[in-house]
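Undergrad: can you look at this prediction? I've put the sequence above it.
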Amino acid sequence: MNVKIKTTNLNLWYAQNHALHDINLGLYENKITALIGASGCGKSTFLRCLNRMNDLVPSAKIKGTVVIDNKNIYDKDIDVVSVRKRIGMVFQQPNPFPKSIYENVSYAPIKHGIVKKGKECDELVEKSLIAAGIWEEVKEKLQAPGTSLSGGQQQRLCIARTIAVQPDVILMDEPTSALDPISTEKIEALMLELKKKYTIITVTHNMQQAARVADYTAFFHLGKLIEYDKTETIFVNPKEKKTEDYITGRFG
Amino acid sequence: MKKNINSNFYIPQIEKRNRLARRFKYTTLAAVILSLSFLGFFLFDIVKTGYPAFQQSYIKVEIKFDEETASNPYGIFDKTMSKLISRAWLRSLPQKIAKNPQWMGTTQTFWALLNAEADQHIKGRLSRLDDSLKIKIEELLLKEEIEKRLNVIFFFTGDSKIPENAGFYSAIIGSILTMMVTMTLAVPIGVMTAIYLEEFAPDNKITQIIEVNINNLAAIPSILFGLLGLAIFINFFGVPRSSPLVGGMTLALMSLPIIIVSSKAALKSVPASIRQAGYGLGLTKWQVTKDHVLPLAFPGILTGSIIALAQAMGETAPLIIVGMIAFVPDAVTNITSAATVMPAQIFTWSGMPERAYIEKTAAGIIVLLSVLISLNTMAVILRKKFEVKW
């Protein structure tokens, strides 16, 4: 099993607020890793460190390394755009661009030069929508606005959009928390399908979801990584008292 | 209806509270009615005063052309008629003769422009005409040798010291040219500034100071922009005074803060999730801004710009300072010669002693108001049209 992403002594401050404390974590290739913990524990912040989305927060200061494929993405010679191209992201709220379904998927690949406009692009759009399990629902209305879809469909469209850029890693920030149970089920099935090709790291508040889909689970508490292990171990036989308390619902 | 005091839903002071709420509602309603009635009265008065200016009286005359008429057009008519016919019309006769040499030796019938005093009398307004002339006019009206027509002069000639010959045309053209200068300067600079401040600028002290100052600039008395234009554009850079160029540049200075503030607000209202989505896909800042943020902000930017331009169009004070109050009989054709604009023309007419200028002033206001109202309506329509359903 390959370690795809390795963080070493990762610290993050939002102005004076020390949000992440010395996170050392190795995330495995082609696995789903769930990050769990109470609100404000730093799991989303950690996720956003992995594709440098925290760069957009002016007050954020980061120390430590995030090594992906033997390269620290915080090195000076790395362009943040190339990081985000290889490490895609799906957000909590479905956020399709206010453009057509087709353009939602095709925009970024064209800009990255992955495909040219025309047949090549059509194929990529179709392939991505198929991979995101939404092709059958939208193939008749590719020119309809992306925002005309239901919430669950929009989220799968966002996944298709992410896949189209051909990343190695997909980060998911509570991808189902704004969706109904049926849409959630579809997304979860999709995640299991996607892990064959991609490394997936997901943040979730839903313990059952972590148990259902994740191979590995990391428990965060107050900016610290408390425990990281195989999901079964975390849920059945946690080593730390805090993990057990959280999982059994005693806090959080 | 009598309240059941024993009911569980009875609250002792509820009546008093409801009364207060009602009173407050009626007070606010009264404020609306009061302001509407002011507006209504103003509009009614302007239209009542101004609409006669869109008509002008003409008199039927016969002229026998010979050498003398060509050399001295003022001597054609007898004393009575000379007091009725516009000097401006007589003055233009030699030109007409020169253009039509075949008239020489013949007698032609014309509808000549009536002068302002006679015109005012026909429109039922106070006039300084002698009683004998008034009787003469009644006779001519009965014979249908005087009639009122649509006042094309008002729309197709420039200003004049002869009231019946004064028109709004040069002011309209001046306004159009000035607005073109303002638009080409203020809109791109303003929108670019807003994009930089909202999307690119680091959030530090300098940026904050700039933003506070821009907000303050939007509230500065417009006459100060005029002084700035005078000091910098005219005195320092030597831009020709009274020209649409300097007027447009001054108004651009004035519109900039408004365009920047409204464009910034439009950009700010674009949901952050759109930017996140873009950055998450590895797009550059420019790609995210240009293709995803700007289209959503576009209706707001457009509306803000149109409203800023509409405001600039109605602005007088800064233009007076840069000399756009000049007497301009002929419409300008380029942006560097002296011109006047609609509000400045209205201001000039409002100070003229002749009574006929009163209705010209009001008519000018009507034209200006119509233009402003259509601009604002256009802003609303365009906003609706381009609004992306989100």
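TA: Happy to help now that I have it. Here the structure is a predicted model, which means the values were calculated and not measured.

Undergrad: and the helix or strand hosting B:Met254, what does it pack against?
TA: Taking DSSP states H and E as the definition, B:Met254 sits inside helix B:244-268. Secondary-structure packing of helix B:244-268 (3 or more CB pairs under 8 Å, 6 or more residues apart in numbering or on different chains; DSSP states H and E): helix B:169-195, helix B:205-217, helix B:222-228, helix B:294-313, helix B:317-321. Any C-beta I mention is one placed from the backbone N, CA and C, and that applies to glycine too.

Undergrad: for the ones you listed, which one sits closest to chain A?
TA: helix B:294-313 (6.1 Å; CB to the nearest CB).

Undergrad: what packs against the closest one?
TA: helix B:169-195, helix B:244-268, helix B:356-386.

Undergrad: out of the ones you listed, nearest to A:Phe91?
TA: Proximity to A:Phe91 (CB to CB) singles out helix B:244-268 among those, at 19.7 Å.

Undergrad: mind listing what's buried along that closest one?
TA: In terms of neighbour count (16 or more other CB atoms under 10 Å in any protein chain shown), helix B:244-268 has its buried residues at B:244-264, B:266-267.

Undergrad: chain A: strands as residue ranges?
TA: Assigned by DSSP state E, the strands in chain A fall at A:3-14, A:17-28, A:32-36, A:60-68, A:71-72, A:87-90, A:169-173, A:199-203, A:216-221, A:224-230.

Undergrad: ok and the residue in the stretch 51-200 of chain B nearest chain A?
TA: Closest to chain A within the stretch 51-200 of chain B is B:Glu199: 11.2 Å, counting by CB to the nearest CB.

Undergrad: read off the pLDDT value for that residue.
TA: B:Glu199 carries a pLDDT value of 89.

Undergrad: just B:Gly226 next, same as before
TA: At B:Gly226, the pLDDT value in this model is 93.

Undergrad: cool, and B:Thr106?
TA: The model's pLDDT for B:Thr106 equals 86.

Undergrad: who touches the nearest residue to it once chain neighbours are set aside in this structure?
TA: Spatially, and ignoring its direct neighbours in sequence, B:Thr106 is nearest to B:Phe65 (6.1 Å; CB to CB, 6 or more residues apart in numbering or on different chains). The neighbours of B:Phe65, taking CB atoms under 8 Å, 6 or more residues apart in numbering or on different chains as the test, are B:97, B:103-108.

Undergrad: Produce a PyMOL select command limited to the buried residues of those residues.
TA: To isolate the buried ones among the contacts of B:Phe65 in PyMOL, judged by 16+ other CB under 10 Å, type:
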select buried, chain B and resi 97+103
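
Undergrad: farthest pair within the contacts of B:Phe65?
TA: B:Ile97 and B:Thr107 (13.3 Å).

Undergrad: pretty sure A:Gly133 contacts A:Glu188?
TA: No: using CB atoms under 8 Å, A:Gly133 makes no contact with A:Glu188, being 11.1 Å away.

Undergrad: quick one, phi psi at the residue of the stretch 151-252 of chain A found nearest chain B?
TA: Closest contact between the stretch 151-252 of chain A and chain B, by CB to the nearest CB, is at A:Val165 (5.6 Å). Main-chain torsions, A:Val165, degrees, to the nearest 10: phi -80, psi -10.

Undergrad: mind listing what it touches?
TA: Counted by CB under 8 Å, 6+ apart, A:Val165 has contacts A:85, A:88, A:108-109, A:112, A:114, B:281-282.

Undergrad: which among those residues gets closest to B:Leu113?
TA: Proximity of these to B:Leu113 was ranked by CB to CB; the top entry is A:Ala108 with 69.5 Å.

Undergrad: tell me how far whichever residue of the stretch 101-250 of chain B sits closest to chain A lies from A:Pro58.
TA: Closest contact between the stretch 101-250 of chain B and chain A, by CB to the nearest CB, is at B:Asp203 (5.2 Å). Separation of B:Asp203 from A:Pro58 (CB to CB, to the nearest Å) stands at 5 Å.

Undergrad: neighbour count for the two, which is higher?
TA: Each of B:Asp203 and A:Pro58 has its neighbours counted (other CB atoms under 10 Å in any protein chain shown); A:Pro58 has more, 11 against 8.

Undergrad: just confirm the more buried one contacts B:Pro202, I think it does.
TA: Yes: A:Pro58 is within contact range of B:Pro202, at 6.6 Å (criterion: CB under 8 Å).

Undergrad: helices or strands up against the worst-scoring helix or strand of chain B on mean pLDDT?
TA: Least confident helix or strand of chain B, by mean pLDDT, DSSP states H and E, is helix B:67-71 with a mean of 78. Secondary-structure packing of helix B:67-71 (3+ CB pairs under 8 Å, 6+ apart): helix B:93-99.

Undergrad: show me what contacts the residue positioned nearest the centre of chain A?
TA: Nearest to the geometric centre of chain A sits A:Leu171, at 1.5 Å (CA atoms, centre = their mean). Contacts for A:Leu171 (CB under 8 Å, 6+ apart) come out as A:47-48, A:50-51, A:87-90, A:200-202.
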